[in-house]
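Visitor: let me see the structure of the following:
(4 chains)
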2 protein chains.
Amino acid sequence: MAIQTETITEVETEVIDIFVRAAQVIGLAKSIGEIYGLLFIAEEPMSMDQIMAKLRISLGTASQGLKQLRAFKAVKAVYVPGKRKDYFTAESEFRKLMAGFFKEEVTPQLEITAERIEVLKPLLKNVSPDRARHYGSRIEKIERWQKNGLNLIDKVLKFINF
Amino acid sequence: MAIQTETITEVETEVIDIFVRAAQVIGLAKSIGEIYGLLFIAEEPMSMDQIMAKLRISLGTASQGLKQLRAFKAVKAVYVPGKRKDYFTAESEFRKLMAGFFKEEVTPQLEITAERIEVLKPLLKNVSPDRARHYGSRIEKIERWQKNGLNLIDKVLKFINF
DNA sequence: TCCAAATTTCAATAAAAAATGAAAATATTG
DNA sequence: CAATATTTTCATTTTTTATTGAAATTTGGA
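Guide: You can find the predicted model right below:
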């Protein structure tokens, strides 16, 4: 039996459902979860138009979704002999997905936080000594969180690697 | 000098900005970050109408935002002698915030995933043996991720506790 | 217990985010 | 190096999510 390209099966629907929920927890669009879920359960690499047909999503959504998923290293393009189109498969190593997500989404944010803390510090010169003392202790707290965050990501990634 | 209740200072603005960004990373509304940030930097507990006045947000947003933040244990109501209104302060222990977030947002999702996996398994009876084998191995993978996720949360919380 | 203050709820509205699809850009092959 | 297939981009539209504020409910004090 040939692979179904047009109709979506019950199993596919259920698997996609799981990944749509997961995507939403980490703040990613539904379509990202759909595409990843479909590729995760697929038996063969799929082209963009196969993905579009099965999920009934537009060209733009498919293209941008795959782009973002590649940025996370959650999907990769694979070569399929004799085919002109690009074909995609899901990366299914938990540690790689986590690493991609941290690297793309979390770490950049922690870096922005570090920059904002530096903007904040000189502002203490403009407030009363009492208030500066209070503010200073809060800012220190944010600084510790920021460092703890980076450290924690490191530890998590090491833990996942066994 | 009395605490400024109407005007927002530069320091407050910068601190709130940091928490608004942080809220958005974990998929929470801007107003949640604003309220938390304001309480985090405040020198004294604040009432709902003080929060509304400073942030220029509506009654509904303030009430619902505080409700959600209390659910996370990110803010708590404190008793202020002689006052009728509720007064709020920010929980500033990193580990408590993390624990609240995991407990409220991540763990329930992992539990839903476990349920969905059980829905998925019996569907394999309806597909060809070859396909069932492939699907089975994928489902096992999701199952492992689900368990790893719970385990990781546990480890992270233990790590944060020192 | 009654009254007013305080808070919550929720339907309507506003704002933000995601999806669409046509046009532009890029890549492939004969 | 055309001609065409494929992919990307992005202005517009649709959908989703957050906010508002008035009405309903709850709370606390006299």
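
Visitor: who's in contact with the closest residue to DNA strand C within chain A?
Guide: Closest residue of chain A to DNA strand C, CB to the nearest atom of the strand: residue A:60 (1.8 Å). Quick note: C-beta positions are derived from backbone N, CA and C, even for glycine. If you count contacts by CB atoms under 8 Å, 6 or more residues apart in numbering or on different chains, residue A:60 has none.

Visitor: also residue A:104?
Guide: So residue A:104 contacts A:71, A:72 (CB under 8 Å, 6+ apart).

Visitor: and stretch A:6-14, end to end?
Guide: 17 Å (CA to CA, to the nearest Å).

Visitor: do it and DNA strand C come into contact?
Guide: No. Applying CB under 7 Å from any atom of the strand, one finds stretch A:6-14 separated from DNA strand C by no less than 14.4 Å.

Visitor: okay, buried residues for that stretch please.
Guide: A:9, A:11, A:12, A:14 (16 or more other CB atoms under 10 Å in any protein chain shown).

Visitor: report the two of those separated the most.
Guide: The distance between the two most remote of the buried residues of stretch A:6-14 (CB to CB) is 9.1 Å, for A:9 and A:14.

Visitor: for the residue most central in space within chain A, give its distance to residue A:36.
Guide: The C-alpha lying nearest the average C-alpha coordinate of chain A belongs to residue A:101 (CA atoms, centre = their mean; 4.1 Å). According to CB to CB, to the nearest Å, residue A:101 stands 12 Å off from residue A:36.

Visitor: quick check: longest helix of chain A.
Guide: helix A:129-160 (DSSP state H).

Visitor: the helices in chain A, which residues?
Guide: Using DSSP H, helices in chain A cover A:10-25, A:30-41, A:48-55, A:59-71, A:94-101, A:107-120, A:129-160.

Visitor: buried deepest among those helices, which one?
Guide: Mean neighbours per residue, mean count of other CB atoms under 10 Å in any protein chain shown, is largest over the helices of chain A for helix A:30-41, with a mean of 24.

Visitor: how distant is it from the center of its chain?
Guide: Counting by CA atoms, centre = their mean, to the nearest Å, helix A:30-41 is centred 12 Å from the centre of its parent chain.

Visitor: do it and chain B meet?
Guide: Yes. Under the criterion of CB under 8 Å from any CB of the partner chain, helix A:30-41 makes contact with chain B via A:40, A:41.

Visitor: a markdown table for the buried residues of stretch A:6-14, including pLDDT and distance to residue B:148?
Guide: Output for the buried residues of stretch A:6-14, formatted as a markdown table (pLDDT from 0 to 100; distance: CB to CB, whole Å):
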| residue | pLDDT | distance to residue B:148 |
| --- | --- | --- |
| A:9 | 93 | 27 |
| A:11 | 96 | 22 |
| A:12 | 96 | 23 |
| A:14 | 96 | 20 |
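
Visitor: now, which of those sits nearest residue A:94?
Guide: Nearest to residue A:94 among these, counting by CB to CB, is residue A:14 at 19.7 Å.

Visitor: ok, the closest one - contacts?
Guide: By CB under 8 Å, 6+ apart, the neighbours of residue A:14 are B:116, B:119, B:120, B:123.

Visitor: what two of these are the furthest from one another?
Guide: Largest separation among the contacts of residue A:14 by CB to CB: B:116 and B:123, giving 11.2 Å.

Visitor: please name every helix or strand in contact with the lowest-mean-pLDDT helix or strand in chain A.
Guide: Using mean pLDDT, DSSP states H and E, helix A:94-101 stands out as the lowest-scoring helix or strand of chain A, at a mean of 90. For helix A:94-101, the packing partners by 3 or more CB pairs under 8 Å, 6 or more residues apart in numbering or on different chains; DSSP states H and E come out as helix A:129-160, helix B:129-160.

Visitor: distance from the chain centre to the first one, please.
Guide: What it means is helix A:129-160. The mean C-alpha position of helix A:129-160 is separated from the chain mean by 23 Å, CA atoms, centre = their mean.

Visitor: average pLDDT for that helix?
Guide: Helix A:129-160 carries an average pLDDT of 94.

Visitor: contact residues of chain A facing DNA strand C?
Guide: A:27-32, A:56-61, A:63-65, A:84.

Visitor: if you set the cut-off to 6 Å instead, what comes out?
Guide: A:29, A:30, A:31, A:57, A:58, A:59, A:60, A:61, A:84 (CB under 6 Å from any atom of the strand).

Visitor: quick revisit: indicate which one of the helices and strands packed on helix A:94-101 is closest to residue A:77.
Guide: Closest among the helices and strands packed on helix A:94-101, using CB to CB: helix B:129-160, at 20.3 Å.
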